[in-house]
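Peer 1: Provided below for reference: sequence and predicted model.
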Amino acid sequence: MFIISLKYIVPLEELDRHMQAHIKYLKKYYKADVFIMSGRKVPRTGGIIIAQADSKEILEKIIAQDPFCQHKLAEFEITEFLASQSHPGLKEILR
């Protein structure tokens, strides 16, 4: 499992111009069962994505497709962790 932490590095107005493309990207990887959940940080300085992938390298290639990465709108930090416990309702989607 991975936590992807985004830190916005441009004004929100510029970021918002790419929001629809970012949402389309997120939906693609929700459908592929890579992304588990995502959302904005409070205050709105970035975002968080919880993901599952076979390796950090594969996830890095997926992140490279994010419009926020392609247009250099955010910095991305990936933290890998081993999930030892989870809510029983998540068992059907976790690998």
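Peer 2: All right, it came through fine. Numbering: from 1, shown residues only.
Peer 1: list the helices and strands the longest helix seen in the chain packs on?
Peer 2: Using DSSP state H to define each element, the chain has its longest helix at helix 19-31. Judged by 3 or more Cβ pairs under 8 Å, 6 or more residues apart in numbering; DSSP states H and E, helix 19-31 is in contact with strand 35-40, helix 67-70. No exception for glycine: its C-beta is placed from N, CA and C like everyone else's.
Peer 1: check which residues of that helix are buried.
Peer 2: If you call a residue buried by 16 or more other Cβ atoms under 10 Å, then helix 19-31 has these buried ones: His22, Tyr25, Leu26, Tyr29.
Peer 1: and for the closest residue to Phe68 other than its chain neighbours, the neighbour number?
Peer 2: By the measure of Cβ to Cβ, 6 or more residues apart in numbering, the closest residue to Phe68 outside its immediate chain neighbours is Ala74, 4.5 Å from it. Using other Cβ atoms under 10 Å, Ala74 has 22 other residues around it.
Peer 1: does Ala21 really touch Gln65, like I thought?
Peer 2: No. In this structure, Ala21 is not within contact of Gln65 by Cβ atoms under 8 Å, at 10.3 Å.
Peer 1: so who does the spatially most central residue of the chain touch?
Peer 2: Among the residues of the chain, Ile49 comes closest to the average C-alpha position under Cα atoms, centre = their mean, at 3.3 Å. Ile49 makes contact with Ile3, Ile4, Leu6, Leu26, Phe35, Met37, Ser38, according to Cβ atoms under 8 Å, 6 or more residues apart in numbering.
Peer 1: now what about the host helix or strand of the first one, what contacts it?
Peer 2: Secondary-structure assignment from DSSP states H and E places Ile3 in strand 2-8. Outside strand 2-8, the residues within contact range by Cβ under 8 Å, 6+ apart are 15, 44-53, 56, 59, 63, 68, 73-81.
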